[in-house]
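> Generate coordinates for the sequence data below:
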Amino acid sequence: MKLRPVAVIDIGSNTILSLIVEILPDGNYRVLDDEREVARLASGLSRRRRLSRDAIQRALGSLKRMAEIIRARGVRKIAVVATSAIRDAANRQVFLDRVRAETGLRVRVVSGVEEARLAFESAARSFDLGGRSWAVADVGGGSTEVILALGNHIRGVYSLTLGAVALTEEFLQSDPVKGRELKALRREIRGRLEAAEVDLEPGPQILITSGGTATAAAQVTLARQGLSGKPVHGFEMTQAELLHLQQALQRRSLRERRQMPGLSPDRADILLAGVTILYEIMDHLKVNTLRVSTRGIRHALLNRLIARKPAHVAVGFGKRSRLAAAQALGRSLRFEQDHGEQVSRLTLSLFDQLQVPLGLDPGSRDLLAAAALLHDVGYVVSYRQHHKHSYHLISHAHLDGFTSREREIVALVARYHRRASPRKKHPEWAALPRHDRDLVLRLTAILRIADALDRRHSRGVREIRCRVEASRVILNLVAPRDLSVEIHGAVDKAGLFRKVFHLDVVFRSLRLATQEKAARAHRSASPPGPKG
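Here you go, the predicted structure:
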């Protein structure tokens, strides 16, 4: 039975967002429509405490169009929420009544605390953060929600009146913005963070940030790095990179900012304030890494809607589900699933047995598994240079649960799974820091052997038994038939392994029938146990 779609609408202080999805039988969903319209509801609100007539009209126009699309899609269930601007407006009931009368939508105004919890739920589902100390910051047009967490446990929730629209109108009047105005803005943000006592011990290791400011900052930074078009979700920035972006925005006039590659013109006027909020939060919490999530509160609302039906509960992104995301990408590209899964199984067997003797980073296990699953997806473009096509398809994909750095490592391991070695003239390779280049080489060395051990794409190798000696690794391959083709290929592709780990590789074939015969002989030779 086909399920009817569900929808969510987030009426934010700057932007109104709608999302329509079809729930799939496995609990995941397929996006049918994803809309974004700038209504700028927070414009003038900090001075008058009332929504302006123009802002209301813009919002109503957007909501009417979204409601029509939702009805046309046959949506069975919908959640509509409003956040800071509506929450703080003295005339909010007038707005809510007009929305109900003119669009048929019932709007629920969420508190600052609930808005923060929704941001946390969305971030927690998007990334596997284990037991680390981390923080979430959702910067909106009228407020900023900050959540401090340890693993899956919230340690503190703060809703701060720090909005990109409101602070722009209050502090940034000149064009270009004057230094004294930016200093005054920074003092104000610091003061509110200190007054709210936003703090956590131990301090957060990473800041997850969502909202339009985060997305825009990532898009501009990617464009400045010559990486326009790369996915934003999971993109990471350092505090220094955010400061450089802030300085670049301040130096430019509004007209010049609107022409910056990667920056949407409708956000050019408020991005400087939004970036300054993020920078001051990082500085206050003494965290150096910011990770961007394109999943906001509407995605958390969507997950709540889905979870109301027990048969269709969406799970968070732990290790299993992010590998499921890699499988889903492979299926969407019509990959040879049996071969991908066999190579992934063999790589993980090698990884698990060699992790300790070779000093492999346990955190890279998922990256190797994903690269093994997806190494041949470039076939969908062509066999010729399919390894290069695999790189581009993976590096530009939306791989849920993987950061941008992790996605790039997965893409490069897949790209080098054949004979060609990384070279400095490869821009993607040259852009990696040294420790990530070392990681790519170590994972690729393992993948090359595993891929060769399924050379006939027949899943012949049932088991690998590894033994590490002083100067070599012995791989005993258990299979029901001859493996001469696979061993020939593996010997040919083991060169990188020898170079990286300084160990020779010896392949030995153990016929499955012989193994079973030996086991039976052992059992028959054993004395019978005592009779009860």
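
> Can you tell me which helices and strands the helix or strand hosting Lys499 packs against?
Here Lys499, judged by DSSP states H and E, is contained in helix 495-501. Contacts defined by 3 or more C-beta pairs under 8 Å, 6 or more residues apart in numbering; DSSP states H and E place helix 495-501 against helix 434-452, strand 504-511. Bear in mind the C-beta positions are built from the backbone N, C-alpha and C, glycine included.

> my read: Leu129 touches His153, true?
No - counting by C-beta atoms under 8 Å, Leu129 stays clear of His153, with 11.1 Å between them.

> distance between the helix holding Lys499 and the chain's centre?
Using C-alpha atoms, centre = their mean, to the nearest Å, the mean C-alpha position of helix 495-501 is found 32 Å from that of the whole chain.

> Same check on stretch 187-207?
That offset, for stretch 187-207, works out to 25 Å (C-alpha atoms, centre = their mean).

> Need the contact partners of it.
129, 132-137, 146, 148, 150, 155-156, 158, 160-162, 167, 171, 276-278, 280-282, 284-287, 289-291 (C-beta atoms under 8 Å, 6 or more residues apart in numbering).

> Averaged pLDDT, it. What do you get?
Mean per-residue pLDDT for stretch 187-207: 88.

> just stretch 497-511 next, same as before
93.

> cool, stretch 327-336 as well?
86.

> First-to-last residue distance for that stretch?
From its first residue to its last, stretch 327-336 covers 11 Å (C-alpha to C-alpha, to the nearest Å).

> tell me which residues in it are buried?
Neighbour-count burial for stretch 327-336, counted by 16 or more other C-beta atoms under 10 Å, picks out Gln327, Ala328, Leu329, Gly330, Leu333, Phe335.

> Could you do stretch 442-453 as well?
By neighbour count with 16+ other C-beta under 10 Å, stretch 442-453 contains the buried residues Arg442, Leu443, Thr444, Ala445, Ile446, Leu447, Arg448, Ile449, Ala450, Asp451, Ala452, Leu453.

> Tell me which two of the residues you listed sit farthest apart.
Pairwise distances among these were taken by C-beta to C-beta; the largest, 17.9 Å, belongs to Arg442 and Leu453.

> related to what we said a few turns ago, who has more neighbours out of Leu129 and His153?
Per other C-beta atoms under 10 Å, whichever of Leu129 and His153 has more neighbours is Leu129, with 19 against 7.

> Kindly confirm my reading that the more buried one is in a strand.
No - counting by DSSP: H, G, I helix; E, B strand; the rest coil, Leu129 is not found in a strand; it is coil.

> May I have the residues that are in contact with the residue nearest to Thr213 when sequence neighbours are not counted?
Distance criterion C-beta to C-beta, 6 or more residues apart in numbering; nearest residue to Thr213, sequence neighbours excluded, is Gly274 at 3.1 Å. Under the criterion of C-beta under 8 Å, 6+ apart, the contact partners of Gly274 comprise Val139, Ala164, Gly211, Gly212, Thr213, Ala216, Ala217.

> list the buried ones in the host helix or strand of Gly274?
Per DSSP H and E: Gly274 is located in helix 271-285. By 16+ other C-beta under 10 Å, the buried positions in helix 271-285 come out as 271-283, 285.

> Repeat that for stretch 143-155.
For stretch 143-155, the neighbour count (16+ other C-beta under 10 Å) marks Ser143, Thr144, Glu145, Val146, Ile147, Leu148, Ala149, Leu150, Ile154, Arg155 as buried.

> Could you pull up the mean pLDDT of that stretch?
Mean pLDDT, computed over stretch 143-155, is 84.

> List every C-alpha atom in that stretch, with coordinates, as PDB.
Extracted in PDB, the C-alpha atoms of stretch 143-155 (Å, rounded to 0.1, in the frame of the first residue of the first chain):
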ATOM      1  CA  SER A 143      17.300  34.400  17.800                       C
ATOM      2  CA  THR A 144      20.100  31.900  18.300                       C
ATOM      3  CA  GLU A 145      19.600  28.600  20.100                       C
ATOM      4  CA  VAL A 146      22.600  27.000  21.700                       C
ATOM      5  CA  ILE A 147      22.700  23.400  23.100                       C
ATOM      6  CA  LEU A 148      25.600  21.900  25.100                       C
ATOM      7  CA  ALA A 149      25.700  18.100  25.100                       C
ATOM      8  CA  LEU A 150      27.700  15.100  26.100                       C
ATOM      9  CA  GLY A 151      27.000  12.300  23.700                       C
ATOM     10  CA  ASN A 152      23.300  11.900  23.400                       C
ATOM     11  CA  HIS A 153      22.600  13.800  26.700                       C
ATOM     12  CA  ILE A 154      21.800  17.500  26.800                       C
ATOM     13  CA  ARG A 155      23.700  19.400  29.400                       C
END
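
> Name the surrounding residues that touch it.
Residues from elsewhere that reach stretch 143-155 (C-beta under 8 Å, 6+ apart): 13, 83-84, 112, 115-117, 119-120, 123-124, 129-138, 156-163, 198-200, 204, 277, 281.

> Now a PyMOL select for only the buried ones of those residues.
A single PyMOL command selects the buried members of the contacts of stretch 143-155 (16+ other C-beta under 10 Å):
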select buried, resi 13+83+84+112+115+116+117+119+120+123+124+129+133+134+135+136+137+138+157+158+159+160+162+163+198+200+204+277+281
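
> tell me how far the helix or strand where Glu68 lies is from the chain's mean position?
Element membership for Glu68 (DSSP H and E) is helix 53-72. Put simply, helix 53-72 sits 30 Å off its chain's centre (C-alpha atoms, centre = their mean).

> for it, packing partners?
strand 6-11, strand 15-23, strand 29-38, helix 92-103.

> highest average neighbour count across those?
Most buried of those by mean neighbour count (mean count of other C-beta atoms under 10 Å) is strand 6-11; its value is a mean of 26.

> Give me the distance from that strand to the chain's centre.
Averaged C-alpha coordinates place strand 6-11 at 21 Å from its chain's average position (C-alpha atoms, centre = their mean).
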